[in-house]
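Peer 1: Could you look at this predicted model? Sequence included:
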Amino acid sequence: MKRASKAIALLCAVLVAAASLPSALAYFTTYTRAQGGAVLHLGGSTHITEEFSNWTKRVVITSEAGSQPVYVRARAFSGSQYPLTYSDEGGSWSAGDDGYYYYNQILNGGASTPELLIHIDGVPEKVAEELQFQVVVVYETTPVRYHENGEPYADWAQALKTGEGGGEQ
């Protein structure tokens, strides 16, 4: 009889533990799976081409055919040991107060900007050993906006809203 009561007690303990197991497993689960996706069309695409020679980076930004008209700005970053000087041959780029250089015209789909030349200064004439440093060029585009009178303008403060409500601002 003692054996039967021990077996019943053990069976009860196992049933109680089994009943609380799903909630314990849910507590320790730390991931979930998701499938699917959504394509986000922002009205076109641009890309940058960079060539380097004679301590000068030549930067051209191209808008793919069919892309919406955009305004373009670019900026380069390097270590403080090698300051940068910007120029262009046609006067198509202008320095902004924020460190960016602005393309003075609207970049239409299928078109490219003239070269923006970024010269790396402070490099010794005779380099004793191979210098290793990077000049990183960042560029941004913003869609062309229009005032009520039809005059185009660039809104660099315009941000893409994501999350609840989604879509462009």
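Peer 2: Yep, that arrived.

Peer 1: ok, the lengthiest strand in the chain: who's next to it in the sheet?
Peer 2: Secondary structure of the chain read by DSSP state E shows that its longest strand is strand 136-146. Paired neighbours of strand 136-146 in the sheet (DSSP bridges): strand 70-77 (antiparallel), strand 152-154 (antiparallel).

Peer 1: Redo those as JSON lines? Include distance to Leu15 and mean neighbour count.
Peer 2: Just so you know, the C-beta spots here come from the backbone N, C-alpha and C atoms, and that holds for glycine as well. Shown next, in JSON lines, are these (distance: least, C-beta to C-beta, whole Å; neighbours: other C-beta atoms under 10 Å):
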{"stretch": "strand 70-77", "distance to Leu15": "66", "mean neighbour count": "20"}
{"stretch": "strand 152-154", "distance to Leu15": "70", "mean neighbour count": "13"}
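
Peer 1: Just put those strands in JSON lines and tack on distance to Ile48 and mean pLDDT.
Peer 2: Below are the strands paired with strand 136-146 laid out as JSON lines (distance: least, C-beta to C-beta, whole Å; pLDDT from 0 to 100):
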{"stretch": "strand 70-77", "distance to Ile48": "8", "mean pLDDT": "94"}
{"stretch": "strand 152-154", "distance to Ile48": "18", "mean pLDDT": "94"}
